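# Predicted model and sequence follow; I will ask about them next.
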Amino acid sequence: MSDQPREKQIQNDILRAFGTLPWLRIWRANTGVARIGDRVIRFGVPGQADLTGILPDGRRLEIEVKSPTGRQSPDQQAFQRIIERFNGVYILARSVEDVRRQLAAAGFYGQESPAARPQAPTVAAPYSQHHEKRHDPRHHNGNGSN
């Protein structure tokens, strides 16, 4: 057995290092095939990265984890081009340090506090607050077209 870290171990290390940061959301993106009776169900996108997430500015984050000698498949390279084309951040990571370094290069990790960074645009109020008036009986007009 090699003394090089395996992809699964690197992936777990990345999740531990970044998964609890308050300014970043990251999770495992599962892909595969399942058999239910006679049906075969495929899930995930061909070539999608191992980890996916959302950056503080709302952009998509994709992290493809490889061992020190691992290489991207053609599907993974195509997926990387799609993410980058739409202004997402794609990281090919062989270590936790690779992720830290590339997040810093993208402006999301380093000396300054992520809380000091510009935040994603404000979205509309949650449904329950936004439609509060509509469900208030005082504003019911009797014809169902509030």
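Yes, it's here.
# for stretch 11-25, how far is the first residue from the last?
Using C-alpha to C-alpha, to the nearest Å, the end-to-end distance of stretch 11-25 comes to 15 Å.
# For stretch 6-23, list every residue counted as buried.
Neighbour-count burial for stretch 6-23 flags Glu7, Ile10, Gln11, Asp13, Ile14, Leu15, Phe18 (criterion: 16 or more other C-beta atoms under 10 Å). To be clear about C-beta, it is placed using only N, CA and C from the backbone, and glycine gets the same treatment.
# Let me know how buried Phe79 is, in neighbour terms.
Using other C-beta atoms under 10 Å, Phe79 has 20 other residues around it.
# hmm, back to that, in the buried residues of stretch 6-23, find the pair that's most separated.
Glu7 and Phe18 (16.4 Å; C-beta to C-beta).
# With adjacent residues omitted, what lies nearest to the most centrally placed residue in the chain?
Relative to the mean C-alpha position of the chain, the nearest C-alpha, by C-alpha atoms, centre = their mean, is the one of Gly53, at 1.4 Å. Ranked by C-beta to C-beta, 6 or more residues apart in numbering and with sequence neighbours excluded, the top spatial neighbour of Gly53 is Ile26, at 3.5 Å.
# again, but for Asp13
Asp13's closest residue in space is Val96 (C-beta to C-beta, 6+ apart), at 5.1 Å.
# check contacts around the one you found.
Residues in contact with Val96, defined by C-beta atoms under 8 Å, 6 or more residues apart in numbering, are Ile10, Asp13, Ile14, Ala17, Phe18.
# Nothing else from me, thank you.
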